[in-house]
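> sequence first, predicted coordinates after that:
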Amino acid sequence: AQSVTQPDIHITVSEGASLELRCNYSYGATPYLFWYVQSPGQGLQLLLKYFSGDTLVQGIKGFEAEFKRSQSSFNLRKPSVHWSDAAEYFCAVGANNFNKFYFGSGTKLNVKP
Amino acid sequence: GAGVSQSPSNKVTEKGKDVELRCDPISGHTALYWYRQSLGQGLEFLIYFQGNSAPDKSGLPSDRFSAERTGGSVSTLTIQRTQQEDSAVYLCASSPLSGTQYFGPGTRLLVL
């Protein structure tokens, strides 16, 4: 069955520190992968996506993610976190014809001053 | 340009009442999705519309839930005989053929 796992429910990092949010997926075919961010009271905003090609993808706000097929992972990274990055982050897998998307349960990021 | 809009932003209803939630997608987007986000949970897929094709209703949790999309644009999600477990944020997203979803701000539903 298709699923997305985000093993970390909450993560706290200090401002300026590096960040890695984990995402593992289970999908029978080549997945379309996404990371979204949801700030309090806001809708979900797309950070980046992977469809094919270079497995390291760059997104908005300085985020990047790397697709590792052998590990069924699509981890999100940022070299230096800003206080404004505090939000909830969702990883998602899209079916090949985009008729369905599977979302992880989210990781809440807190940023310490 | 205008993004995806949803109304109402908040809805409080009594158990057993029917509610209608509205989604206005981005103009020109052929695909429309409804999701439910319960407290502390990820997004649960409910239904998918693509153009004039029959919708994919495989995510609807019970027959109390239904949705329609008129003229390939506006969509309404209807919950009949609401239950307390229906309390959640209902999110709508639209997408062009590229598959990238654009989300609305959601409707927060509270069933008392």
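That came in fine, so what should we check first? Numbers count the residues shown, from 1 in each chain, chains lettered A, B, ... in the order given.

> how about the backbone phi and psi for the residue sitting nearest the centre point of chain B?
With distances taken as CA atoms, centre = their mean, residue B:34 lies nearest the centre of chain B, 3.5 Å away. Reported as degrees, to the nearest 10, the phi and psi values for residue B:34 are phi -120, psi 140.

> quick one: it from residue A:53, how far?
31 Å (CB to CB, to the nearest Å). For glycine as for every other residue, the C-beta is placed from the backbone atoms N, C-alpha and C.

> do the same with residue A:5
From residue A:5 to residue A:53 the distance is 25 Å (CB to CB).

> residue B:102 too?
For residue B:102 relative to residue A:53 (CB to CB), the value is 23 Å.

> same deal with residue A:12?
Residue A:12 is 34 Å from residue A:53, by CB to CB.

> okay, those two: which has more neighbours?
residue A:12 (11 against 8; other CB atoms under 10 Å in any protein chain shown).

> all strands for the chain, in order.
No chain in the question, so chain A it is. Taking DSSP state E as the test, the strands found in chain A are A:3-5, A:10-14, A:19-21, A:24-26, A:32-38, A:44-50, A:56-58, A:64-68, A:73-78, A:87-94, A:101-103, A:107-112.

> wait, chain B was what I had in mind.
B:5-7, B:10-13, B:19-24, B:31-37, B:43-50, B:65-69, B:75-79, B:88-95, B:102-103, B:107-111.

> parallel or antiparallel, list what pairs with the third one.
Next to strand B:19-24 in the sheet, as set by DSSP bridges, lie strand B:5-7 (antiparallel), strand B:75-79 (antiparallel).

> so which of the strands of chain B is nearest residue A:64?
Checking the strands of chain B against residue A:64 by CB to CB gives strand B:102-103 as the closest, at 21.6 Å.

> partner strands of that closest one, with direction?
strand B:88-95 (antiparallel).

> that older thread, just put the strands paired with strand B:19-24 in TSV and tack on mean neighbour count.
Formatted as TSV, the strands paired with strand B:19-24 follow (neighbours: other CB atoms under 10 Å in any protein chain shown):
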stretch	mean neighbour count
strand B:5-7	17
strand B:75-79	19
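
> TSV for those, including distance to residue B:69?
Shown next, in TSV, are these (distance: least, CB to CB, whole Å):
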stretch	distance to residue B:69
strand B:5-7	14
strand B:75-79	4
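
> wait, which of these is closest to residue B:18?
strand B:75-79 (6.6 Å).

> so where's chain B uncertain?
Low-confidence segments of chain B, defined by pLDDT under 70: B:1.

> return the residues of it in contact with chain A.
B:3-4, B:31, B:33, B:35, B:40-45, B:48, B:50, B:56, B:58-59, B:91, B:93, B:95, B:99-106 (CB under 8 Å from any CB of the partner chain).

> tell me the residues of chain A that contact chain B?
So chain A meets chain B at A:4, A:6, A:32, A:34, A:36, A:41-46, A:49, A:51, A:90, A:92, A:94, A:98-106 (CB under 8 Å from any CB).

> re earlier: could you dump the strands of chain A into a markdown table and include mean pLDDT?
Formatted as a markdown table, the strands of chain A follow (pLDDT from 0 to 100):
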| stretch | mean pLDDT |
| --- | --- |
| strand A:3-5 | 93 |
| strand A:10-14 | 97 |
| strand A:19-21 | 97 |
| strand A:24-26 | 94 |
| strand A:32-38 | 95 |
| strand A:44-50 | 94 |
| strand A:56-58 | 97 |
| strand A:64-68 | 97 |
| strand A:73-78 | 98 |
| strand A:87-94 | 95 |
| strand A:101-103 | 91 |
| strand A:107-112 | 96 |
